[in-house]
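>>> Generate coordinates for the sequence data below:
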Amino acid sequence: MADRPTAADRPLRRPVPGRAEYLAQWSALHGGASTGGLVGWWLRLAHGLARPLIRIGAGPDVVTLAGLLVALGALPAAAGRGHWPVLAAGLVGVSGLLDNLDGAVAVMTGRVTRRGFVLDSSCDRIAEAGYAGALWLAGAPGLLAVTGAALAWLHEYVRARAAVAGMPEIGVVTVSERPTRVIVTAMFLLGCGLYPGARTEWALAGAAASATLGTVGVVQLGLLVARRLR
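As a prediction, this is how the structure comes out:
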């Protein structure tokens, strides 16, 4: 009979970083970005919620894909009559939370990889299309919803290309960062569900807000890129 593995034979688990260590690691990976204020509050929340995921062995890629599936699950809920868009709003919010947790899990477990970065970025862009689709299914004009999604994509594309050209990864926090886009979509879908008789107006307002914030955000980022990359 084979000997049972001893404690020395088992792989050592990487200790989960404390909050201060996690914040320092996150800042280093994001061009020295500040971890104070609202950003710091959100990062501390992500750190606390990521710890149980790490304990059960959930990897960052699994969390990323789960976030995408949850985001796409908002589509049929948004199309439902009555109060169904309330569920869509909740799913959009959960998808945004999972999008932050995958990065927290990756940093805290030392599993930050280029493959994971590409997967996360790709899933984010698909999720953005899903958010626009949810507003459209709730009653927003298709062209306006598509415009909001296109501006979100442009925002992230400009930032990515600027980083390749030598600008720090974040550069500037605009009014149209991904957390804002998640909150706006969820908020107006919630309005659609709570007030079914005015769902079209709520959906229209949500798509208009997304497009407006997207325009301002792209302009903010574009001006900074123009100053930094001369």
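>>> Pass me the low-pLDDT residue ranges in the protein, would you?
In the predicted model, the chain carries pLDDT under 70 at residues 1-15, 30-31, 33, 38-39, 168-171.
>>> quick one: the helices in it?
Using DSSP state H, the helices found in the chain span residues 19-29, 37-55, 60-79, 84-108, 114-138, 142-164, 178-194, 199-228.
>>> CSV for these, including mean neighbour count and distance to Val172?
The way it works is simple: take the backbone N, C-alpha and C, and place the C-beta from them, glycine included. Written out in CSV, the entries for those read as follows (neighbours: other Cβ atoms under 10 Å; distance: least, Cβ to Cβ, whole Å):
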stretch, mean neighbour count, distance to Val172
helix 19-29, 16, 16
helix 37-55, 16, 13
helix 60-79, 20, 25
helix 84-108, 23, 19
helix 114-138, 20, 19
helix 142-164, 18, 9
helix 178-194, 22, 14
helix 199-228, 19, 5
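>>> hang on, Met187 packs against Gly206?
Yes. With contacts counted by Cβ atoms under 8 Å, Met187 reaches Gly206, the gap being 7.4 Å.
>>> Excluding residues flanking it in the chain, which one is nearest Ala46?
Ala104 (4.2 Å; Cβ to Cβ, 6 or more residues apart in numbering).
>>> for that neighbour, what are its contacts?
22, 26, 43, 46-47, 49-50 (Cβ atoms under 8 Å, 6 or more residues apart in numbering).
>>> can I get those residues in a markdown table with distance to Trp202?
As requested, those are exported to a markdown table (distance: Cβ to Cβ, whole Å):
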| residue | distance to Trp202 |
| --- | --- |
| Tyr22 | 37 |
| Trp26 | 35 |
| Leu43 | 31 |
| Ala46 | 29 |
| His47 | 34 |
| Leu49 | 29 |
| Ala50 | 33 |
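>>> Give me the neighbour count for Thr113.
Other residues near Thr113 come to 12 when the count uses other Cβ atoms under 10 Å.
>>> nearest spatial neighbour of it, skipping sequence neighbours?
The shortest distance from Thr113 to any residue other than its chain neighbours is 7.6 Å, reached at Ala106 (Cβ to Cβ, 6+ apart).
>>> ok, now Arg181?
Ranked by Cβ to Cβ, 6+ apart and with sequence neighbours excluded, the top spatial neighbour of Arg181 is Ala152, at 5.7 Å.
>>> now the one you found: how far from Leu119?
Distance from Ala152 to Leu119, counting by Cβ to Cβ, to the nearest Å: 18 Å.
>>> Equivalent analysis for Gly36, please.
Gly36 is 29 Å from Leu119, where distance means Cβ to Cβ.
>>> just Thr215 next, same as before
For Thr215, the distance to Leu119 (Cβ to Cβ) stands at 29 Å.
>>> Could you do Gly142 as well?
Taking Cβ to Cβ as the measure, Gly142 and Leu119 are separated by 28 Å.
>>> Quick one: residues contacting Met167.
224-225, 228-229.
>>> Would you mind giving the residues you listed as a markdown table with distance to Leu98 added?
Below are the contacts of Met167 laid out as a markdown table (distance: Cβ to Cβ, whole Å):
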| residue | distance to Leu98 |
| --- | --- |
| Leu224 | 29 |
| Val225 | 29 |
| Arg228 | 32 |
| Leu229 | 33 |
